[in-house]
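[1] Build me a model from this:
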Amino acid sequence: MRKSFVLILVVVLLTGFVYGCADNSGKAPEGATRTITDMLGREVEIPEKVETIVPLANAPRMITYLGLADRAVGIGGMSFEDINPVTAYAYANKDLWADVPIVGTDAMGATDYYPEEIIKVNPDVILCSYTKELADEIQTKTGIPVVAVPMGTLFGEDYEEALRLLADVCGVPERAERVITFINDCLDDLKARTADIPEKDKPSVLGAAATFKGVHGIDGVYVKYTVFETIAANDVTADIAETVDAVLLDKEKIIEWNPEYIFLDSGGVGLVEQDYAENPDFYAHLTAFQGNRVYQYPSSTSYYSNVEIPLVNSYYVGSVIFPEQFADIVFEEKANEIFELFLGAKDYLGELEGSGFGYDKVIFGED
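    Predicted coordinates for the structure are as follows:
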């Protein structure tokens, strides 16, 4: 019995000695790795502690939401000289990323990456929202682990899981849960505010001057627009498609719909103003224009879909068309609360307003 006790004691002491020599801090030893499965089903061996990253495709936006912008040593995107505040994640980081090299681009739908430049900055991991084939190719050419997530559906479960995976890779799981909870709390709040409004009491709305493959005039419209769906608005396009989309259509269809309110992407307002001057008879048939119920907001999409701007847009549209239900919302405060959480910016609404991309009624036909 005594011999058994002594043997057990020796084993315990030796085990403690080995672990103590390995690391008394509780931190992973230098060079330690772990294997994760990304959202494409790829098994990827990554460092236990990820300190530097290269985000490509929609990953730069996602890592901004996760508070990881300062870990980027290379960025996929476009020149900061070409970015305006509607590309919110990049504009908010323009000073932080001023000296961070561009190591890939997806501008105008042309996916490209620069393996030599990525190798030079030598990140711990590459994060992307590409296909399995492209993720494998990048990993093979650079010798650096690549973790892939989906582009993400706005307000969808796949977006939540993408945030969770990237946060897990980078060791900030609590931040992902905070962002996801915030999004869902906003969506629940928006839904609850309009839940008891009878359909007959909801004014009809249209999202026009839609931004997709560039800016468009009044004939570019959002179909089943997510911003409208979050507040159960009476979207005139609801019956023309099953899924969210943006399309060009015959302007006569807009006359047929004759929505009571029209919301324009701020980037396309200039095209609508030009068309209004050239074709006043068309706009004379639209109740929204004749009743001065035309408004602008920033595009939800700029270099892939934003998340923070659609949330703010939903509160803006709600406050315009359902003023009683949103009477307790101070729009400026709510907007900046959302922007600060996602972008870490104190007055991002001011950035949008100052650049002409903000929220306002648009009056046509005045000099």
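[2] ranges for the strands of the stretch 251-367 of the chain?
    Assigned by DSSP state E, counting those that start in this stretch, the stretch 251-367 of the chain shows strands spanning 261-265, 294-297, 360-361.
[3] These: which one's closest to Ile138?
    Distance to Ile138, taken as CB to CB, is lowest for strand 261-265 among the strands of the stretch 251-367 of the chain, at 32.9 Å. In short, each C-beta sits where N, CA and C put it, glycine included.
[4] buried sites along the closest one?
    Counting neighbours by 16 or more other CB atoms under 10 Å, one finds that the buried residues in strand 261-265 are 261-265.
[5] one step back: can I get the strands of the stretch 251-367 of the chain in TSV with mean pLDDT and distance to Ala208?
    What follows is those, written out as TSV (pLDDT from 0 to 100; distance: least, CB to CB, whole Å):
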stretch	mean pLDDT	distance to Ala208
strand 261-265	98	6
strand 294-297	98	9
strand 360-361	97	15
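[6] Would you format the ones you listed as a markdown table with distance to Val272 included?
    Compiled in a markdown table, these are given as follows (distance: least, CB to CB, whole Å):
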| stretch | distance to Val272 |
| --- | --- |
| strand 261-265 | 6 |
| strand 294-297 | 8 |
| strand 360-361 | 14 |
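[7] Relative to Glu242, which of these is closest?
    The stretch from the strands of the stretch 251-367 of the chain with the least distance to Glu242 (CB to CB) is strand 261-265; that distance is 22.1 Å.
[8] from the chain's centre, how far out does that closest one sit?
    For strand 261-265, the distance from its own C-alpha centre to the chain's C-alpha centre is 21 Å (CA atoms, centre = their mean, to the nearest Å).
[9] Would you give the sheet partners of that strand, along with the direction of each?
    According to DSSP bridges, strand 261-265 forms sheet pairs with strand 204-208 (parallel), strand 294-297 (parallel).
[10] Contacts made by it with the rest, please.
    For strand 261-265, the external contacting residues (CB atoms under 8 Å, 6 or more residues apart in numbering) are 203-211, 215, 218, 272, 286, 288-289, 293-299, 317, 320-321, 362.
[11] before we move on, back to that, let's have the strands paired with strand 261-265 in TSV, adding mean neighbour count.
    Listed next are the strands paired with strand 261-265 as TSV, based on neighbours: other CB atoms under 10 Å:
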stretch	mean neighbour count
strand 204-208	24
strand 294-297	24
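[12] Can you say which of those is nearest to Val86?
    Nearest of the strands paired with strand 261-265 to Val86, taken as CB to CB: strand 294-297 at 10.1 Å.
[13] Show me the contact partners of the closest one.
    261-266, 269, 288, 312-313, 316-317, 320, 358-364.
[14] What does Ile197 show for phi and psi?
    Backbone torsions of Ile197, given as degrees, to the nearest 10, read phi -80, psi 120.
[15] Report how many residues lie close to it.
    Using other CB atoms under 10 Å as the criterion, Ile197 is surrounded by 17 other residues.
[16] So it versus Thr237, what's the distance?
    Applying CB to CB, to the nearest Å, one obtains 19 Å for the distance of Ile197 from Thr237.
[17] Same check on Trp97?
    In this structure, Trp97 lies at 37 Å from Thr237, with CB to CB as the measure.
[18] Kindly report the same for Gly171.
    Separation of Gly171 from Thr237 (CB to CB) stands at 43 Å.
[19] Could you break the protein into its assigned domains?
    In the domain annotation for the chain, the residue ranges read 33-171, 197-361 (automatic domain parsing).
[20] Reformat these as CSV; add distance to Asp189.
    Conversion of the domains of the chain to CSV gives the following (distance: least, CB to CB, whole Å):
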stretch, distance to Asp189
domain 33-171, 13
domain 197-361, 9
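[21] which one of the ones you listed lies closest to Cys186?
    Counting by CB to CB, Cys186 lies closest to domain 197-361 out of the domains of the chain; the figure is 5.4 Å.
[22] So what's the gap between that closest one and the chain middle?
    When C-alpha coordinates are averaged (CA atoms, centre = their mean), domain 197-361 and its chain have centres 17 Å apart.
[23] How about the secondary structure of Pro85?
    At Pro85, secondary structure determined by DSSP: H, G, I helix; E, B strand; the rest coil is coil.
[24] you'd agree it is up against Gly350?
    No. Using CB atoms under 8 Å as the test, Pro85 is too far from Gly350 to be in contact (9.6 Å).
[25] who has more neighbours, the two?
    Set Pro85 next to Gly350 and count neighbours by other CB under 10 Å: Pro85 wins out with 24 against 16.
[26] how close does His285 get to Phe357?
    28 Å.
[27] out of those two, which sits in the busier spot?
    In this comparison of His285 against Phe357, neighbours counted by other CB under 10 Å, the higher total goes to Phe357 at 22 against 14.
[28] Give me the distance between Asn292 and Gly365.
    From Asn292 across to Gly365, the span is 10 Å (CB to CB).
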